[in-house]
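J.: I would like to see how this sequence folds:
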Amino acid sequence: MMKRSIFLKKLGSLGLLSFGASQVANAATLREAEQQRKELLAAWYRSEKMTLTNVEQMPPKLFTFRYTDEAMTFSEQWRHCVVYTCGQLASRAGLKNPYQDVKLPVQMPKEDVIEELKNMYTFVRQSIQELSTEQLCAECNFAGDTIPVWRLFYAMENHIIHHRGQYVVYLRLKGVVPKGFYGW
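T.: Next up, the predicted model:
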């Protein structure tokens, strides 16, 4: 019976060990990438639910509310999230930007904001599903760093979380009690 170490040395001398090891590493990377894809989809479904909960709570007549002259209105904040998220993902992940030839009005009524948010979330989820594993794992530049594209999706969700926190303040300033913490 050949000892394992001798077998591995012989296998390595034939160039088969490195092939086999890379196959195993690639399979592990593919499994991890597919798990990452599932986690991204779950995160973005939850994000949409939480975002729409905030938007639906604000009365339509208050979508032009801003707490100072320098601040964006409630509507502008959401518009910013839609345009920024789609633009960043498209340019950095090599996707077609659904807003490339669309100029959204600065102020939008509630029903238009909701429609555009749903469009953005659909674009994000379709992108996560349609990008190949290689594309999700590819490197892109963002915020002075080089990160994998899958991480860019989390950076964009972090941006939305930042603004969603602001929206809660907008709601409170207008006497709307935000729905409780929704958990994860």
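
J.: check which helix or strand the residue most central in space within the chain maps to.
T.: The geometric centre of the chain, computed from its C-alpha atoms, lies nearest to Phe153 (Cα atoms, centre = their mean), at 3.1 Å. Using DSSP states H and E, Phe153 sits in helix 149-173.

J.: name the helices or strands packed onto that helix?
T.: Other helices and strands packing on helix 149-173, by 3 or more Cβ pairs under 8 Å, 6 or more residues apart in numbering; DSSP states H and E, are helix 16-57, helix 74-93, helix 110-130, helix 133-137, strand 139-142. C-beta: built from backbone N, CA, C; applies to glycine.

J.: now mean pLDDT and distance to Lys174 too, for these, in TSV please.
T.: Rendered in TSV, the data for the helices and strands packed on helix 149-173 read as follows (pLDDT from 0 to 100; distance: least, Cβ to Cβ, whole Å):
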stretch	mean pLDDT	distance to Lys174
helix 16-57	77	10
helix 74-93	96	9
helix 110-130	98	13
helix 133-137	90	40
strand 139-142	94	34
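
J.: can you check which of the ones you listed gets nearest to Lys179?
T.: For Lys179, the closest of the helices and strands packed on helix 149-173 is helix 16-57, at 5.6 Å, according to Cβ to Cβ.

J.: if we can go back for a sec, out of the helices and strands packed on helix 149-173, which comes closest to Gln166?
T.: Of these, nearest to Gln166 by Cβ to Cβ is helix 74-93, at 6.2 Å.

J.: can you list the buried residues in the closest one?
T.: Neighbour-count burial for helix 74-93 flags 74-79, 81-86, 88-90, 92-93 (criterion: 16 or more other Cβ atoms under 10 Å).

J.: for the nearest residue to Tyr84 once chain neighbours are set aside, give me its contacts.
T.: Taking Cβ to Cβ, 6 or more residues apart in numbering, and ignoring the residues beside it in sequence, Tyr84 has His159 as its nearest neighbour in space, at 6.7 Å. By Cβ atoms under 8 Å, 6 or more residues apart in numbering, His159 lies in contact with Cys81, Tyr84, Thr85.

J.: is it true that Trp78 touches Glu115?
T.: No - applying Cβ atoms under 8 Å, one finds Trp78 not in contact with Glu115, separated by 10.9 Å.
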